[in-house]
Structure formats: C-alpha cells, structure tokens
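Visitor: Give me a 3D structure for the following:
(2 chains)
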Amino acid sequence: NAGVTQTPKFQVLKTGQSMTLQCAQDMNHEYMSWYRQDPGMGLRLIHYSVGAGITDQGEVPNGYNVSRSTTEDFPLRLLSAAPSQTSVYFCASTQGQGQPQHFGDGTRLSIL
Amino acid sequence: AQKVTQAQTEISVVEKEDVTLDCVYETRDTTYYLFWYKQPPSGELVFLIRRNSFDEQNEISGRYSWNFQKSTSSFNFTITASQVVDSAVYFCALRAYSGAGSYQLTFGKGTKLSVIP
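Guide: Numbering: from 1, shown residues only, chains lettered A, B, ... in the order given. Next up is the predicted model:
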C-alpha cells in the first residue's frame, strides 16, 4: 500500500531557484492538501484541492503554486525560492471532509 | 475562522505516569470534526482519533483516552501509564466549514511529550 508518496525527501535550493515538490496518492481520494511545518508553528495549510481541476488557497499560499490535473497527483511549485520557505512540507489526502487525512512522509527543503 | 490552541508547548513525565494533553478549539460552525495526530521523532504524522461535533461520547483505546466537551470547547487527550514510545509531538486539529465551500483542517501548534525512563 503506497498511500501518499512525496518526492523528493530532501532538497537544497539556492535563493531564486524554482522547483516542484511531487505528491501522488493511490487511494482515489478527492481531497488533497499541502502543509508546511515550521518549529513552534504546527502545520499550516498552503493550498488544497477538492477534486481534479479545482484548487484553492490556504493560510500561507504566497510564493507557491499548485495544479490538479488528475485525481492522483497534486504537485506544489515554488516559483522563486526564498530562505523563508525553508521548511518541512507535507502532502495529505482524504476520502471526505470528515475523514482523517493520510500524510506523506514529508519533504525537507532548505533554501540557501 | 477557526482556531486550535494547545497551550502546553512541552511536557516531560516519568515513565508510567499519566499525562493529559489539552486542546481548546474555536469555531462558529455547528458541524465540525476534531482530530489528534502523533508525530514521533521519525517525522511521520500518524492519525490517532476523529470525533464529530455531534458525538460527545468519550473514547478509550488501550492506554489512550479522549475527553470531548462541547461546553468548554475542549478535546483533551490522556495517556495512561506512559511509555518511552509515547514520546512525540501531538497535534490537535479541527475541520469545520470554512465558508469557501470546502472544509479546511486547522492544526494546533503541537505539544511535545517527552517520557523519561
């Protein structure tokens, strides 16, 4: 059972570079989300999607872009990396609004 | 807007002690869901329990128990006879109608529990 798969697990970028964090789920879940986790801040919602072709902003969307062309995939794009985006990023999916979220193992991203 | 407050940033207990992790939430919605997640030192997020706003029945699962009280907007988590393997960061989360047509999950900042052998 793959569940939610995130790649890469670690990444170091230079300021100004762009990159895409990949997220894929094989549970046919409609709802997918991206969170960032910073020390002492808990998890904060970046963007989310309620189905293919539908995305919306969360609490901290600036500097990030998402798309949802298929049910399975929900990539997160950093347009121009900044040191403030150094964080651990988690992708999650859920079957329904009242169901628990299934999380990927996270991507640890460092921006120099 | 919704909010989750976990006032205890860090807790240390000696093994076999009982410990309660507090969670207080705010929402204007009458329909909502509350969750607890565990994040061990390895970093993954593990789902522990879900409770909906219409079910105030307390739940017990082995050494874990949860006390949901709508009157005080609290959803506290108790570990009985703590063990070293319980050492982790625990997150309380709230999912309520956001007003934008979708439910969003709001996390507390987490409580780091250290169980000392």
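Visitor: give me phi/psi at B:K16?
Guide: The phi and psi values for B:K16, taken as degrees, to the nearest 10, are phi 80, psi -10.
Visitor: Please identify the helix or strand for the residue positioned nearest the centre of chain A.
Guide: Residue closest to the mean C-alpha point of chain A, counted by C-alpha atoms, centre = their mean, is A:W34 at 3.0 Å. Using DSSP states H and E, A:W34 maps to strand A:31-38.
Visitor: which is the next helix or strand following that strand?
Guide: Per DSSP H and E, the first helix or strand lying C-terminal to strand A:31-38 is strand A:42-51.
Visitor: mean confidence score for that following strand?
Guide: Over the span of strand A:42-51, the pLDDT mean works out to 92.
Visitor: ok now do A:C23, which residues does it touch?
Guide: Listed by C-beta atoms under 8 Å, 6 or more residues apart in numbering or on different chains, the contact set of A:C23 reads A:4-6, A:32, A:34, A:73-76, A:91, A:104. Placement of C-beta: from N, CA and C, glycine included.
Visitor: what's the answer for B:I11, then?
Guide: Counting by C-beta under 8 Å, 6+ apart, B:I11 makes contact with B:19, B:21, B:111-114.
Visitor: And A:F10, by the same measure?
Guide: Contacts for A:F10 (C-beta under 8 Å, 6+ apart) come out as A:107-109.
Visitor: In stretch A:49-62, which residues are buried?
Guide: Neighbour-count burial for stretch A:49-62, with 16 or more other C-beta atoms under 10 Å in any protein chain shown as criterion, is recorded at A:49-50, A:52, A:55-56, A:58, A:60-61.
Visitor: Pick the one among these closest to chain B.
Guide: Comparing these against chain B with C-beta to the nearest C-beta places A:V50 closest, at 5.1 Å.
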